[in-house]
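Q: structure here, sequence nowhere to be found:
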């Protein structure tokens, strides 16, 4: 078998357009990739902004004796009444 008759000048002319198109496509892809990487790496960090306020979910008034505090262990806590704050007993009627 003999190779087909090749005309290099004609092949250069036929392949010139597609080769230029592929080179432009690769150039655009590299530029977009560089732009994306620079935006990702050089962007302003989100930590400069103030953190959002924490919202406590309130489901209602807590049951009596179930006081939560900084030392909350999850177990119900019972508050002892302060004897100094108690009212004086009512004097008996009949004096």
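A: Happy to help now that I have it. The model shown is predicted, which means the values in this text are computed figures rather than measured ones.

Q: confirm residue 79 sits in a helix?
A: No. Assessed with DSSP: H, G, I helix; E, B strand; the rest coil, residue 79 is coil; it does not lie in a helix.

Q: and it, how far is that from residue 40?
A: 55 Å (C-beta to C-beta, to the nearest Å). Any C-beta I mention is one placed from the backbone N, CA and C, and that applies to glycine too.

Q: likewise for residue 14?
A: Distance, residue 14 to residue 40, by C-beta to C-beta: 41 Å.

Q: same check, this time on residue 5
A: 53 Å.

Q: the more surrounded of those two?
A: Each of residue 5 and residue 40 has its neighbours counted (other C-beta atoms under 10 Å); residue 40 has more, 8 against 5.

Q: for the more buried one, pull up the helix or strand it's in.
A: Taking DSSP states H and E as the definition, residue 40 sits inside helix 8-42.

Q: quick check: buried residues in that helix?
A: By 16 or more other C-beta atoms under 10 Å, helix 8-42 has no buried positions at all.

Q: show the model's pLDDT score for residue 24.
A: Here, the pLDDT recorded for residue 24 equals 98.

Q: try residue 32
A: Residue 32 is assigned 98 on the pLDDT scale.
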